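Visitor: Pasted the sequence and its predicted model underneath.
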Number of protein chains: 2
Amino acid sequence: MARNRALPRLAGYPLAMAARDLQEQIKKLIVDRRLPSGAPLPTEPELMEHLGASRNSVREALKALQAMGIVEIRHGFGTYVGSMSFAPMIEGLAFRTVAGHYRGEDSLLRLLELREAVETGLVSRLAGRLPEADLVELDALVDRMEQEAAQGAGLAETDRAFHATLYRGLDNVLLSEVLEAFWDAFHRVQRDLVDVPQDPRVTCRQHREILDAVRSGDVLRAEEAIRDHFGNIRTRLSG
Amino acid sequence: MARNRALPRLAGYPLAMAARDLQEQIKKLIVDRRLPSGAPLPTEPELMEHLGASRNSVREALKALQAMGIVEIRHGFGTYVGSMSFAPMIEGLAFRTVAGHYRGEDSLLRLLELREAVETGLVSRLAGRLPEADLVELDALVDRMEQEAAQGAGLAETDRAFHATLYRGLDNVLLSEVLEAFWDAFHRVQRDLVDVPQDPRVTCRQHREILDAVRSGDVLRAEEAIRDHFGNIRTRLSG
DNA sequence: AAGAGTCAGCTGCTCTAACCAACTGAGCTA
DNA sequence: TAGCTCAGTTGGTTAGAGCAGCTGACTCTT
């Protein structure tokens, strides 16, 4: 029983532009118009007309792009080109780790090992090459860390700043963002899942040692210092 | 002109569960049920009931999760827990690079520098520590590369395999995936944007040198070999 | 009885149409 | 002039209908 109906579509338009294609079209629009981060995108009705799709399909495409950090949607305001940060990657990595953890895998440990492998490799490129200004800043951060340790406060944010400042010396924003993404994912999962109490004084001493080693220019010592630091975290995870 | 209407909602339910929360609910469902990759998720109608949301909202949440690689949707078949690979990260990184490129930034170069920084650091951990089996495999890959070079064929796939096999020795699947993601993103963008012709013989020689250096256990030589390799690519980009 | 074709029914996909909710800015009010 | 209100914009959510891919059981043929 054929239930044919006249197609309510304009001739010349593709019948159904798959959602995947819609995403591509919107990305193409951003690239073609050279839109920078924060630039406004067409409104939903405009996109409907431009892409020849229904509101629903347009919105699904936008949602997917939002999940990838490519667009940013603000209710009642408009849609904008996203910051293209690594926030989505952090999200994905964190979930992957959490899911693995609950299935009995050592996913958190492996994430830590990823950080250790990368940072150990990178610190050797830094040893003896960090500008004095950065070293001073790192000094201040370790001081603050010791202060926080004395007060029994958490060191997380300062730890994050220390690592960020350290690898800023590599002079590659992309690399810094990736490292911060790994840090964020790890700490988010650690906080949600295990949250093992740490001895802040040990952590402080290890950061001081990393800094001293980098300042001295001794590559092997710097690598060893990083390895010690991660070894400490690893012990806490297993314990 | 107030156009009030009785709310068609069950009491006790939140009026509007934002799409963001819907995503969290679905992720929670995966974690709570310990669903592994490939496990089937509830159908759309089931999710509608379970989450108390409309079809549309459920679908938008699923689309976002699909973009993050957390779920996989198969038309006419069902929805499944995704592979949680880094495919979404590759997508995001590639787009970010393409968009930056068209806005006049050296985004592709910075992506290459990211790879160089990470791989240079990692290769020093490998030098002299690779099992003989891996070294043999790498030999075969360079051989194949030379063969392809002689035939004037592309070396891309073999290059990918070389790097993948090399860092497999670090024995961290997560790390390997990240490196491959960087490789994929870089080559995808390079292919789409510049596609500079290369001298395959130089590339072969450099891979041979990397392999020899790693086999010899000379850390500095290995780092230098990697740097040379990336320097070659960098020259092609600028030229 | 064995094979091939058909069809009912699942699944997700797309469309339309209406209303809800957040935000802005012009214009009114005090 | 300062503050409020309200109309109009934008995205958010719901509803219901029909489209499209896939599976498996049923039937018809051989």
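Guide: Arrived safely.

Visitor: mind checking which helix or strand A:Leu220 is in?
Guide: Element membership for A:Leu220 (DSSP states H and E) is helix A:219-238.

Visitor: Give me the buried positions along that helix.
Guide: Residues of helix A:219-238 classed as buried: A:219, A:221-226, A:229-230, A:233, A:236 (neighbour count, 16 or more other C-beta atoms under 10 Å in any protein chain shown). Heads up, the C-betas are built off the backbone N, CA and C, glycines and all.

Visitor: For DNA strand C, give me its nearest residue in chain A.
Guide: Per C-beta to the nearest atom of the strand, A:Gly76 is where chain A lies closest to DNA strand C, at 2.3 Å.

Visitor: Would it be right to say that that residue lies in a strand?
Guide: No - counting by DSSP: H, G, I helix; E, B strand; the rest coil, A:Gly76 is not part of a strand but coil.

Visitor: Which pLDDT does the model give the residue lying closest to A:Glu148 once chain neighbours are set aside?
Guide: Nearest residue to A:Glu148, sequence neighbours excluded (C-beta to C-beta, 6 or more residues apart in numbering or on different chains): A:Leu155, at 5.6 Å. Note on A:Leu155: pLDDT of 88.

Visitor: Residue nearest the middle of chain A, spatially speaking?
Guide: A:Ala181 (2.8 Å; C-alpha atoms, centre = their mean).

Visitor: Let me know whether it touches A:Leu93 as I believe.
Guide: Yes - when contacts are counted by C-beta atoms under 8 Å, A:Ala181 is listed as touching A:Leu93 (7.3 Å).

Visitor: OK, now which residue of chain A is nearest to chain B?
Guide: Of all residues in chain A, the one sitting closest to chain B is A:Gly121 (1.9 Å; C-beta to the nearest C-beta).

Visitor: Leaving out the residues flanking it, which one is nearest to that residue?
Guide: Closest to A:Gly121 by C-beta to C-beta, 6+ apart is B:Gly121, at 1.9 Å.

Visitor: any idea which helix or strand carries that neighbour?
Guide: Secondary structure from DSSP H and E places B:Gly121 in helix B:107-126.

Visitor: Name the residues of that helix that are buried.
Guide: Buried, per 16+ other C-beta under 10 Å, within helix B:107-126: B:107-108, B:110-126.

Visitor: Also stretch A:27-47?
Guide: Burial within stretch A:27-47, assessed by neighbour count using 16+ other C-beta under 10 Å, is assigned to A:27, A:29-30, A:35, A:37, A:41-42, A:47.

Visitor: now it: how far from the chain's centre is it?
Guide: When C-alpha coordinates are averaged (C-alpha atoms, centre = their mean, to the nearest Å), stretch A:27-47 and its chain have centres 24 Å apart.

Visitor: go on, stretch A:53-65?
Guide: Centre to centre, stretch against its chain (C-alpha atoms, centre = their mean), the figure for stretch A:53-65 is 25 Å.

Visitor: what's next to it, contact-wise?
Guide: A:17, A:19, A:22-23, A:25-27, A:44-45, A:47-48, A:51, A:71, A:73, A:79, A:82, B:19, B:56, B:59-61, B:63-64, B:66-67 (C-beta atoms under 8 Å, 6 or more residues apart in numbering or on different chains).

Visitor: same for DNA strand D: which of these are within range?
Guide: Residues of the contacts of stretch A:53-65 in contact with DNA strand D (C-beta under 7 Å from any atom of the strand): A:44-45, A:73, A:79, B:19, B:56, B:60.

Visitor: Could you list the domains of chain A?
Guide: Domain ranges of chain A: A:19-81, A:87-238, per automatic domain parsing.

Visitor: I'd like these laid out as CSV, including distance to B:Arg208.
Guide: Formatted as CSV, the domains of chain A follow (distance: least, C-beta to C-beta, whole Å):
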stretch, distance to B:Arg208
domain A:19-81, 38
domain A:87-238, 23
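
Visitor: Stretch A:27-47 close to chain B?
Guide: Yes - judged by C-beta under 8 Å from any C-beta of the partner chain, stretch A:27-47 comes into contact with chain B at A:27, A:30-31, A:34-36.

Visitor: mind listing what's buried in stretch A:133-153?
Guide: The neighbour-count criterion (16+ other C-beta under 10 Å) identifies A:134-135, A:137-138, A:141-142, A:144-146, A:148-149 as the buried residues of stretch A:133-153.

Visitor: now chain A, which segments are flagged as low pLDDT?
Guide: A:1-20, A:239 (pLDDT under 70).

Visitor: Show me where it has its strands.
Guide: Secondary structure of chain A (DSSP state E): strands at A:71-74, A:78-81.

Visitor: CSV for these, including distance to chain B?
Guide: As requested, those are exported to CSV (distance: least, C-beta to the nearest C-beta, whole Å):
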stretch, distance to chain B
strand A:71-74, 10
strand A:78-81, 8
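
Visitor: Sweet, I'm off.
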